[in-house]
Every structure is written in structure tokens, then in C-alpha cells.
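**Student:** sequence and computational prediction follow.
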Amino acid sequence: MVTSLLLAAAGGLWWWAAKDLPDEAELAQFSSALPSTVRDIDGNIVTTFARERRIYLAYNEIPPRLVQAFISAEDKTFFEHGGLDYAGIANAMLTNVAGWFSDRRPVGASTITQQVAKSLIGNEVSLTRKLKEAILARRIERIFTKPQILELYLNQIFLGRNAYGVEAAAQAYFGKTSNQLDLAQMAYLAILPKAPSTYSPVTANARAVARRDYVLRQMVANGYISESDRALASAEPLVAVRQVAARPSRPADYFIEDVRRTLLARFGDSEGRNSVYGGGLWIRTSVDPALQQAAETALRDGLLRYDRGKPWRGPVAKIEVGDGWPARLAATSVAMGFESWRKAVVLAKSGADSTLGFVDGSTGSMAGSAAMRPKQGSVLTAGQVLRPGDVIAVAPLPNGGWALRQAPAVSGGMVVEEPATGRVLAMVGGFDARAEAFNRATQALRQPGSAFKPIVYATAMDNGFTPASIVVDGPYCVFQTRSLGTKCFKNFDNMRPAGPQTLRWGLEQSRNLMTVRIAFNTGMDKVVAQAKALGIGDYPPYLSVALGAGETTVLKLTNAYAQFFNAGRKLVPSTIEMVQDRQGKVIWRRDNRACPGCAAADWNGEAMPRPGGRPVQAIDARTAYQIVHLMEGVVTRGTGMGLLPLNRPLAGKTGTTSGPRDVWFIGGTQDLVAGLYLGYDTPRSLGGYAQGGTVAAPIWLQFGQTVLKDRPKLPFVIPAGIRMVRIERRSGKRVFGPWPGPEERRSPVIWEAFKPEAEPRRARTGEGEVLGPSGRRVRSDAEFLRNQGGIY
């Protein structure tokens with residue numbers, strides 16, 4: 001009876017301990033957490049996402065001598081037992097009973113299989129955990145072969161220095177791959193599973209060497225090495241590489257962070273087989289390192305240009321400069337934008353000169369003669385305003401020493417996109433991602449100002465207007481409501497009205513009065529519907545939206561322009577090309593269109609295969625080209641003339657909001673579109689002189705001079721259904737004799753893009769007589785303009 005009760009109790013305990021453990025099917029699916037690897041557009045590794053530094057090796061890739069070292073150190077009967085070492089368990093029980101009333105931690109007799117099991121259920125010190133560990137170890141032995149168990153173990157164990165597995169540990173401690181280690185180094189790694197910090201090669205070198213030599217003796221006893229091999233290895237000093245904290249990624253910081261957020265939303269953090277931090281994913285992004293570097297440099301230089309001459313805003317922070325100042329300095333966040341800039345603290349003053357301390361503990365000096373403006377109207381030197389404990393940014397001088405630097409208070413964002421695909425090739429979200437994680441390219445909602453006007457003009461040309469339609473640049477007021485009264489609009493900077501002008505001239509010169517008149521006659525409901533179709537935003541049908549009062553992001557507005565450049569086809573901006581799991585299987589792809597024959601081994605003599613599916617039009621292809629053609633005029637004759645030095649077909653639009661609080665430029669070539677804005681995070685005036693053409697466009701110019709110099713000068717593609725007609729540029733009238741001059745900017749006659757149904761078909765028949773669209777003669781310009789749908 002007693003025996004039966006004991007057996008029942010034991011069975012119940014076994015069932016209770018085993019009920020929540022992974023079953024055999026779950027164990028068969030087990031895999032170690034692996035870092036996810038991010039690649040650029042060319043396939044080069046950019047960074048990894050990981051909480052555990054691990055480099056997975058198959059069993060046949062692990063050096064046999066390294067396997068033997070771990071077996072000698074951890075489980076010499078590994079190939080003989082079935083998961084549990086019963087003799088070792090009995091010995092551990094006797095030891096623990098003898099030390100029952102002491103504070104000593106109980107010892108175990110865990111086999112390698114049990115250590116694999118422990119990694120699955122946790123490291124709690126209890127008899128319950130040991131029982132679960134034993135049950136799970138038996139299951140593991142039934143599912144996996146001995147080599148498979150060793151593969152799991154040698155890739156799973158923590159060995160210190162944030163290294164999981166032998167390959168990561170070999171690199172962390174010795175700067176080598178595991179197959180480059182010598183015998184002494186392999187024996188050292190084998191002592192680490194018990195307690196890596198206890199056997200530190202730096203702080204506990206003697207203890208680590210003694211334990212390493214014990215493992216070498218065990219390898220001799222087990223027949224793995226000879227006595228002479230042991231003697232040579234024991235004589236070798238234990239020297240590890242210096243442990244250096246990994247520097248945060250610098251290239252494409254904002255881009256990579258956007259990729260990370262996208263992946264987390266799609267695949268999750270650390271739960272699941274394809275999680276971002278443990279799934280071992282391979283992520284091909286669209287970031288182009290050359291374009292990314294050019295965009296970062298251009299935007300940062302532009303921010304500094306604008307901020308130059310602004311008052312000194314004081315040190316970033318203040319810290320104690322006593323013992324331990326390097327650690328306190330390292331913990332201080334300082335925006336440093338450029339690779340040459342360094343974070344420093346003023347340690348002492350000698351007259352006007354300052355002694356600087358850097359994060360690595362080194363020191364330097366900075367002369368106190370550098371002039372700065374601590375407040376408006378006064379000029380002081382660095383020596384007069386800096387004090388010990390001030391945390392600052394500095395840059396090296398060519399002749400030695402350091403110069404004071406200051407991160408700009410103004411910020412901005414920039415996006416570069418490929419209009420043929422919607423791939424985002426570069427993204428900059430501010431001056432320095434290390435100090436400010438907020439991505440202004442994707443997260444900052446800003447008013448685009450006049451950069452929104454192409455959407456108004458595109459909607460108008462889809463509703464009866466043409467580039468040659470005449471619109472009055474004159475006073476324009478609308479009644480809003482009884483409480484709000486009448487709203488009267490005005491041109492930027494109160495520029496005088498210019499009277500009747502063509503649509504082209506209105507966009508080139510960015511005239512507000514013409515834009516609101518066009519928007520009103522087209523219908524604001526149609527304008528905001530077009531903005532929504534292009535993905536810019538969902539706005540109420542207010543006239544102020546036509547002047548860019550609705551908020552959007554740089555990414556959204558740049559993508560809208562890219563759709564104009566892509567013949568009006570719908571684009572969804574993407575930073576990720578595809579994602580593969582750890583076996584290389586594609587689990588997500590940006591472009592999922594089928595393409596039979598695209599992967600053929602050889603050409604079959606037929607036409608080039610193309611992906612299937614029909615593109616979705618966000619706007620009529622002909623209208624899209626008309627807008628691009630108008631924006632070419634913005635660069636050639638209008639507010640974007642600062643980009644003329646690029647000397648290539650280029651279209652774009654400037655933007656300046658009220659205040660002005662933000663300045664924009666968005667534009668590009670047939671195969672590249674880039675957009676950017678500058679503004680304070682808390683919107684305030686940039687100063688009356690700041691405009692899109694004078695502050696934002698020069699940044700685009702610097703970017704373009706870098707990335708376009710080796711690219712072919714491609715003309716913009718004219719879609720089917722567009723008629724190019726010679727017109728007189730200022731009047732919009734068709735001409736038959738003259739031809740556009742060689743210098744397009746000054747030529748009175750230009751080629752204009754029309755839809756066939758709107759193509760001007762008139763000709764002057766005599767002085768004062770004009771042939772209208774129906775062929776009847778009209779007697780005055782006013783009557784003629786009314787017949788053409790103009791607003792006079």
C-alpha cells in the first residue's frame with residue numbers, strides 16, 4: 001500500500017513538473033536566437049539587430065579540439081549517458097547534504113544536455129527546476145543526436161562579454177574566429193560556462209589560468225591531447241583583446257531606425273521564430289550609402305550655414321570633473337553630426353585657455369581666443385564663457401588643438417526616392433540621431449507652403465485648365481462665415497499683383513493670389529481629393545490648404561512628387577526590399593508581382609519578360625507630365641533658379657510658409673527625386689530673409705552636385721497623348737513662325753505640353769482679330785480670354 005502511494009506520488013510529481021515543458025514536437029522546432037542582419041541596396045552589411053551577440057556554427061564547422069575542451073570541462077561522459085549523469089547526481093546530493101546548513105550555493109551535476117534544457121526553462125535555483133531540467137534533458141536526448149545537442153549547446157551558452165556561443169566568444173576575447181584559436185585559447189573558452197566574470201582574463205587572470213590548466217589536464221586524461229601539447233599550452237600567457245563598447249552605427253542612422261520600426265510592426269520584437277531580435281532575419285534595404293552620405297552632409301552643412309552667427313546657447317550640460325568624469329561624460333548626450341566632432345568636458349582653465357577631457361580619458365587643449373556671440377549685440381571669446389564642468393562639442397584644428405562647435409537649434413528632414421519604384425534611397429531625420437531620435441523625415445508634421453501648389457495646378461489641369469490658361473494675379477477675397485468675416489489673400493512678401501498671367505508663370509513665380517483663384521474655380525473638394533489620392537494627407541476643403549496650410553511629412557510630399565515623375569502611377573514609399581528567414585526563404589517582398597521568365601537561366605530569343613499586373617494611376621499621366629514640365633520652368637526661370645548650376649533637366653518647387661516658419665524644396669530628375677525642409681521643432685520664425693529658394697534649394701544644390709555629377713542627363717519622358725506646341729511664354733498664345741531660342745530661360749517662345757483636346761488651335765488673321773476655338777472671330781482680347789476659359 002505504501003509502495004503504491006509512493007509510486008502514485010512520484011508519478012503525480014513527475015506529471016506536475018512535466019506538464020508545462022515543451023513537448024517533442026516543440027523541441028524539434030527549437031532554434032537559437034540569432035541577430036537579424038541589415039544590408040544596403042548592394043547587399044553589403046550595414047548593421048545587425050540583436051540583444052545577444054551570437055554567430056551560429058553548424059556542428060561540422062566547430063573545431064573538434066574545441067568540442068573536446070568543452071566535454072573535458074563540462075561533461076566527460078557526454079557520449080555515454082542518456083541525458084543524466086546519475087553518478088554525478090549522487091555525488092552532488094552528498095555534497096549538498098553536507099553543506100545544508102551553510103550559506104554555500106548548492107552544487108549541481110548538470111550534463112551538457114541538462115545545460116541545454118536549462119537555457120529553455122530558466123536558471124532558478126530550486127529542486128523543482130532541477131526536476132524539470134532532468135525531464136526535459138531526457139526528451140532532448142530522444143529528439144536530437146549527440147552532435148545536434150552539442151551544436152545547440154556550443155551556440156547557445158553565455159560566455160561573457162555579451163557573447164553567446166563559441167564563435168562570438170572567440171571574437172570577443174581573442175579577436176579571432178573559432179578555427180583560428182590555439183589550444184590554450186580553446187581551453188580558456190571551455191572554463192567560461194560556469195561563471196564568465198569569475199574567470200575574467202583581466203581582473204582574475206591567475207584564477208583563469210589555473211582553471212584553464214585544469215581543463216588541459218583533463219583533456220590529457222581523456223586522451224584528446226598529449227602531455228607535450230598540454231605543457232606547451234600551459235606555458236602560454238592568457239592575453240585577451242581589450243573589451244571595447246560597440247560604437248553606435250553612424251551611416252544611415254535615421255534610415256536604419258525607420259527600418260527597425262517597420263520590422264517590429266510586421267514581425268515583432270523577440271517572440272516568434274521570425275522576430276527581429278532573435279529570428280536571424282536577412283533584411284535587404286533600399287539605402288544607397290553614397291546617396292545617404294551626400295544627403296546627410298548636405299543637410300547638416302545647410303543647418304550649420306543657417307545657424308552660423310546665431311548666439312552661443314551655452315554648454316550642452318554640466319558634470320562633475322572629479323574622479324570618474326569619463327563615465328559621466330560618456331553618459332551625456334551631445335549632438336555631434338560630423339565624424340570629426342568629439343564630445344568633451346572642460347576640466348580646467350589656465351587663463352583664457354581650456355583643458356579638455358574626452359570620453360576615452362585623453363585630454364587636449366583649446367585656445368580661449370575664439371570669438372563667439374553669447375547674446376545679441378556682444379562678442380566674447382571661448383575663454384570668457386566656458387567654465388570647468390561644461391560639456392561641449394569640439395572639432396580638431398588643422399594645426400593642432402580644438403575649436404568649439406555648437407549643434408544648430410534649427411533642424412529639418414530630407415528624403416531621396418527612386419520615382420520608378422518608390423524605393424527610399426536615403427533618409428535624414430535631423431542633425432544627429434545619437435542625440436535626437438525623432439525622425440523629422442517621417443514623423444514631423446509640417447506645413448508645406450508653396451510646395452503644395454503643384455497639387456492645385458495638377459487638379460486644375462484635370463478640370464479644364466491648361467498651362468497657357470490666363471489667370472489674374474490680383475486681389476482676391478472670399479467670405480468665410482459671419483463670425484470669421486471676409487478673408488483677403490496676398491502674395492508672398494506682399495508682392496504687387498501682376499495682372500493676367502499664364503498658369504505656367506503663376507507656378508514659376510509661386511503667386512498665391514493666382515493659386516487661390518485657380519483652387520476656387522477648380523473646387524477645393526477636388527483639390528483635397530487629389531492630395532489624398534497622392535498620399536499627402538486628408539484635408540478639409542478650405543482655400544488656405546491650397547497655399548500649403550495642411551500638415552504633412554517630407555516623406556509623403558516627396559512621394560507625391562515622385563508620382564508626378566513616374567507618369568502619375570501610384571507609389572508606396574518603402575525602405576525595405578525584402579526579408580528572408582535564417583534559411584534564406586523570402587518571407588516578405590516589397591514587389592510581389594509575378595514575373596514568369598525573369599529568373600530564366602538564358603535568353604530564349606523572345607521579348608524581355610516583364611512583371612505582371614496593371615499599375616494604379618494616382619493621376620492622369622498626361623497631367624503628371626504637364627506639372628513636371630511646369631516645374632522645369634520653376635528651376636529655369638522661377639523661384640528655383642539657384643539649381644541652374646546643375647545644368648541638366650531638373651524640375652522642382654520651392655516652399656515657404658507664413659512667418660516664415662518652414663522652408664522647403666522638392667524636386668529631381670527623371671530617375672531621382674529628393675525633398676527637404678528646414679524649421680524649428682517648435683515652429684517660430686526663421687527670419688524674413690529665409691525662403692525655400694535661398695535656404696532649402698542650396699542644400700539640394702550641394703546634394704545634387706555630389707550625386708548627379710556622374711549620372712547621365714536624362715530628359716523627362718513625355719507620355720502618349722501629350723502634344724508639344726510652340727507658344728509665346730507670357731501670353732500663352734500659339735505661334736507658328738518663331739522657334740524656342742537656344743537659351744530657354746530668356747526665350748519668349750517655348751514648347752508647352754497640352755492634352756489633344758485642349759491644344760490651342762487659333763491663329764491671328766489680322767490686326768485686332770482673333771480666331772476662337774470654334775473658328776468664329778472675336779473682337780477683343782477680353783472676349784478671347786473668356787472664350788478660352790481664362791479668368792480676366
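**Tutor:** Now that the structure is in, tell me what you want to look at. The structure displayed is predicted, hence computed values, not measured ones.

**Student:** so which elements touch whatever helix or strand I587 lives in?
**Tutor:** Assessed by DSSP states H and E, I587 sits inside strand 586-589. Applying 3 or more Cβ pairs under 8 Å, 6 or more residues apart in numbering; DSSP states H and E, we find strand 586-589 packed against strand 576-580. Yep, even glycine has a C-beta here, placed from its N, CA and C like the rest.

**Student:** hmm, R446 is touching G679, no?
**Tutor:** Yes - when contacts are counted by Cβ atoms under 8 Å, R446 is listed as touching G679 (6.1 Å).

**Student:** tell me the mean pLDDT for the strand holding I587?
**Tutor:** When pLDDT is averaged over strand 586-589, the result is 94.

**Student:** each with direction, which strands does that strand pair with?
**Tutor:** According to DSSP bridges, strand 586-589 forms sheet pairs with strand 576-580 (antiparallel).

**Student:** contacting residues around the partner strand?
**Tutor:** Contacts of strand 576-580 with the rest of the structure, by Cβ atoms under 8 Å, 6 or more residues apart in numbering, involve 41, 259, 262-263, 267, 281-286, 423, 586-590.

**Student:** do that again at 10 Å, thanks
**Tutor:** Surrounding strand 576-580, the residues in contact under the criterion Cβ atoms under 10 Å, 6 or more residues apart in numbering are 36-41, 258-259, 262-263, 266-267, 274, 276, 279-287, 421, 423-424, 585-592.

**Student:** which positions in the strand holding I587 come out as buried?
**Tutor:** Of the residues in strand 586-589, those with enough neighbours to count as buried (16 or more other Cβ atoms under 10 Å) are 587-588.

**Student:** likewise for stretch 479-489?
**Tutor:** Going by neighbour count (16+ other Cβ under 10 Å), the buried part of stretch 479-489 is F489.

**Student:** what's the first-to-last distance across it?
**Tutor:** In terms of Cα to Cα, to the nearest Å, the two terminal residues of stretch 479-489 are separated by 11 Å.

**Student:** now it, how far from the centre of its chain.
**Tutor:** Between the mean C-alpha location of stretch 479-489 and the chain-wide mean there is a distance of 44 Å, by Cα atoms, centre = their mean, to the nearest Å.

**Student:** now do that stretch, average pLDDT.
**Tutor:** Within the predicted structure, the mean pLDDT of stretch 479-489 is 80.

**Student:** same question for stretch 195-211.
**Tutor:** The average of the pLDDT scores along stretch 195-211 is 92.

**Student:** kindly format the C-alpha coordinates of that stretch as CSV.
**Tutor:** Output for stretch 195-211, consisting of C-alpha atoms alone and laid out as CSV, is shown next (Å, rounded to 0.1, in the frame of the first residue of the first chain):
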residue,chain,number,x,y,z
ALA,A,195,30.9,31.9,-14.4
PRO,A,196,32.4,34.1,-17.0
SER,A,197,33.1,37.1,-14.7
THR,A,198,34.9,34.8,-12.2
TYR,A,199,37.5,33.9,-14.8
SER,A,200,38.0,37.3,-16.4
PRO,A,201,41.3,37.4,-18.2
VAL,A,202,41.7,41.0,-17.0
THR,A,203,40.6,41.1,-13.3
ALA,A,204,41.1,37.4,-12.4
ASN,A,205,43.9,36.3,-14.7
ALA,A,206,45.6,34.0,-12.2
ARG,A,207,42.4,32.2,-11.4
ALA,A,208,41.5,31.9,-15.0
VAL,A,209,44.9,30.4,-15.9
ALA,A,210,44.7,27.9,-13.1
ARG,A,211,41.2,26.7,-14.3
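
**Student:** give me the residues contacting it.
**Tutor:** Residues contacting stretch 195-211 (Cβ under 10 Å, 6+ apart): 73, 157-161, 163, 169, 173-174, 184, 187-192, 194, 212, 234, 236-243.

**Student:** for it, which positions count as buried?
**Tutor:** By neighbour count with 16+ other Cβ under 10 Å, stretch 195-211 contains the buried residues 196, 199-201, 208-209, 211.

**Student:** got it, and stretch 528-548?
**Tutor:** If you call a residue buried by 16+ other Cβ under 10 Å, then stretch 528-548 has these buried ones: 528, 530-531, 533-537, 539, 542-548.

**Student:** among the residues you listed, which pair sits farthest apart?
**Tutor:** Based on Cβ to Cβ, the longest span within these runs between G535 and L543 and measures 21.9 Å.

**Student:** can you give me the distance of H629 to L534?
**Tutor:** Distance check for H629 against L534: by Cβ to Cβ, to the nearest Å, it reads 18 Å.

**Student:** where in the stretch 1-150 of the chain is pLDDT low?
**Tutor:** Flagging of the stretch 1-150 of the chain using pLDDT under 70 yields the residue ranges 1-30, 85-109, 119-130, 132-133.

**Student:** lowest-confidence helix or strand of the protein?
**Tutor:** Scoring the helices and strands of the chain by mean pLDDT, DSSP states H and E places strand 769-771 at the bottom, with a mean of 36.

**Student:** for the residue nearest to the spatial centre of the chain, list the residues it contacts.
**Tutor:** Central residue check for the chain by Cα atoms, centre = their mean: the C-alpha nearest the mean position is that of F255, 0.9 Å away. By Cβ under 10 Å, 6+ apart, the residues touching F255 are 38, 40, 46, 285-288, 292, 295-296, 415-416, 424-429, 433, 439, 441, 575.

**Student:** would you say it is within a helix?
**Tutor:** Yes - remark: F255 belongs to a helix, assigned using DSSP: H, G, I helix; E, B strand; the rest coil.

**Student:** residue for residue, what is the longest helix this structure has?
**Tutor:** helix 289-307 (DSSP state H).

**Student:** residues in contact with the helix or strand following it?
**Tutor:** With elements assigned by DSSP H and E, the helix or strand that comes after helix 289-307 is strand 317-318. Counting by Cβ under 10 Å, 6+ apart, strand 317-318 makes contact with 328-329, 331-334, 345-346, 387-392, all of which sit outside it.
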